[in-house]
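[1] Next input, structure requested:
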Amino acid sequence: QVQLVESGGGLVQAGGSLRLSCAASGRTFSSYAMGWFRQAPGKEREFVSGITWSGNLTYYADSVKGRFTISRDNGENSVYLQMNSLKPEDTAIYFCAAARKVINGLGRRYEYDLWGQGTQVTVSS
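    Modelled structure (predicted):
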């Protein structure tokens, strides 16, 4: 079983950058596809980015394309989200998630079996 712990959130001004990390425990991390989701107050949790188990394919929500980059290091049991050109509308709790078997695509919440506790990202204008 994999457990996930996010870190790297914080307060940043618009236009700034943050790098989120998700550390996974367990020896089977490399067999999981990974994703980042976010949830703003009063809104549903939404897909941000996903990466296949090998790291050779990545996916992004339209709202973050060109600004965010997902990556993973299977040797370090970690997945990262580099966030550049941050906007106030990026403010949310960001969650790391793991999918053992993906059927219909990394953008769907139901594909993910495991979730972290989340890390707060606040972007001031």
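
[2] okay, CA-based contacts and neighbour counts for the rest of this
    Fine.

[3] Show me where the protein has its strands.
    3-7, 10-13, 18-25, 33-39, 46-51, 58-60, 68-73, 78-83, 92-99, 114-115, 119-124 (DSSP state E).

[4] of the ones you listed, which approaches R108 most closely?
    Comparing the strands of the chain against R108 with CA to CA, the closest turns out to be strand 46-51 (7.2 Å).

[5] hang on, the earlier thing: so which of the strands of the chain gets nearest G107?
    Judging the strands of the chain by CA to CA, what sits closest to G107 is strand 46-51, at 5.6 Å.

[6] Rounded mean pLDDT for that closest one, please.
    What strand 46-51 shows for mean pLDDT is 98.

[7] which helices and strands does it pack with?
    Packing partners of strand 46-51 (3 or more CA pairs under 8 Å, 6 or more residues apart in numbering; DSSP states H and E): strand 33-39, strand 58-60, strand 68-73.

[8] and among those strands, the most buried is which?
    Ranked by mean neighbour count, those are led by strand 33-39 with a mean of 25 (mean count of other CA atoms under 10 Å).

[9] Pick out the residue nearest the middle of the chain.
    W36 (2.1 Å; CA atoms, centre = their mean).

[10] OK, contacts around Q1?
    Neighbour list for Q1: G26, T28 [criterion: CA atoms under 8 Å, 6 or more residues apart in numbering].

[11] tell me the pLDDT at it?
    Reported pLDDT for Q1: 71.

[12] got a list of what the residue nearest to the centre of the chain touches?
    F47, V48, S49, G50, L81, Y94, F95, C96, A97.

[13] And V5, by the same measure?
    V5 neighbours (CA under 8 Å, 6+ apart): C22, A23, A24, C96, G116, Q117, G118.

[14] One more: T28?
    Q1, V2.

[15] next one: A40
    Contacts of A40 by CA under 8 Å, 6+ apart are T91, A92, I93.

[16] Report the two of the contacts of V5 separated the most.
    In terms of CA to CA, the contacts of V5 reach their longest pairwise distance at A24 and G118, which sit 13.2 Å apart.

[17] before we move on, the earlier item: ranking the contacts of V5 by neighbours, who comes first?
    If you count neighbours using other CA atoms under 10 Å, the busiest of those is C96, which has 31 neighbours.
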